[in-house]
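Undergrad: Fold the following, please.
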Amino acid sequence: MPMYYSVIARGTIVLASYATCPGNFTEVTEQILSKIAPEDDKLSLSHNSYLFHYICENRIIYMCITDDEFERSRAFLFLNEVKRRFRSSFGDRAQTAIAYAMNSEFAPVLHSQIKYFSEAKD
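TA: Numbering: from 1, shown residues only. Model prediction:
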């Protein structure tokens with residue numbers, strides 16, 4: 001039940017991302033990000049054997065890609081924790097940041113949280 005990829009974006013502008021394996025995650029995510037309205041929302045979408053879970057809050061999108069057996073509730077626990085850490089680290093800077101501005105600092109956080117939520121069995 002793996003989690004493959006996570007991204008934080010403002011619209012289609014990716015601010016930080018992390019992939020656990022090779023794949024065309026960037027291209028697929030770009031297509032999905034372009035279709036997400038800037039309103040506060042949370043949703044899971046299905047495509048082939050993948051699930052795309054996202055939370056949009058204050059125009060910032062927190063998204064992860066999992067296999068179709070990954071628990072939806074666990075995906076949203078992950079996204080809420082990532083959102084909390086991201087907002088704590090960057091606050092309103094995300095509203096005006098350029099593409100990948102937070103990647104070097106935040107990709108390791110995405111990595112550790114993906115690992116934790118993929119392995120945790122509570």
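Undergrad: Surely P22 is within a helix?
TA: No. Using DSSP: H, G, I helix; E, B strand; the rest coil, the assignment for P22 is coil, not a helix.
Undergrad: For the helix or strand bottoming out on mean pLDDT in the chain, list every residue counted as buried.
TA: Lowest by mean pLDDT, DSSP states H and E among the helices and strands of the chain is helix 25-33, with a mean of 90. Using 16 or more other Cβ atoms under 10 Å as the test for burial, helix 25-33 gives F25, T29, I32, L33. Every C-beta, even on glycine, is put in place using the N, C-alpha and C of the backbone.
Undergrad: possible to save those residues as TSV with distance to S44?
TA: Putting the buried residues of helix 25-33 into TSV (distance: Cβ to Cβ, whole Å) gives the following:
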residue	distance to S44
F25	17
T29	15
I32	12
L33	15
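Undergrad: nearest to I60, of these?
TA: L33 (11.3 Å; Cβ to Cβ).
Undergrad: What is the burial count for the residue lying closest to that closest one once chain neighbours are set aside?
TA: Nearest in space to L33, with sequence neighbours left out and distances taken as Cβ to Cβ, 6 or more residues apart in numbering, is T12 at 4.8 Å. Using other Cβ atoms under 10 Å, T12 is surrounded by 15 other residues.
Undergrad: For K35, see how far away T12 is.
TA: 10 Å (Cβ to Cβ, to the nearest Å).
Undergrad: What of P108?
TA: 29 Å.
Undergrad: of these two, who's got more company?
TA: P108 (12 against 8).
Undergrad: Phi and psi next, for R93.
TA: R93 has phi and psi values of phi -60, psi -30 when expressed as degrees, to the nearest 10.
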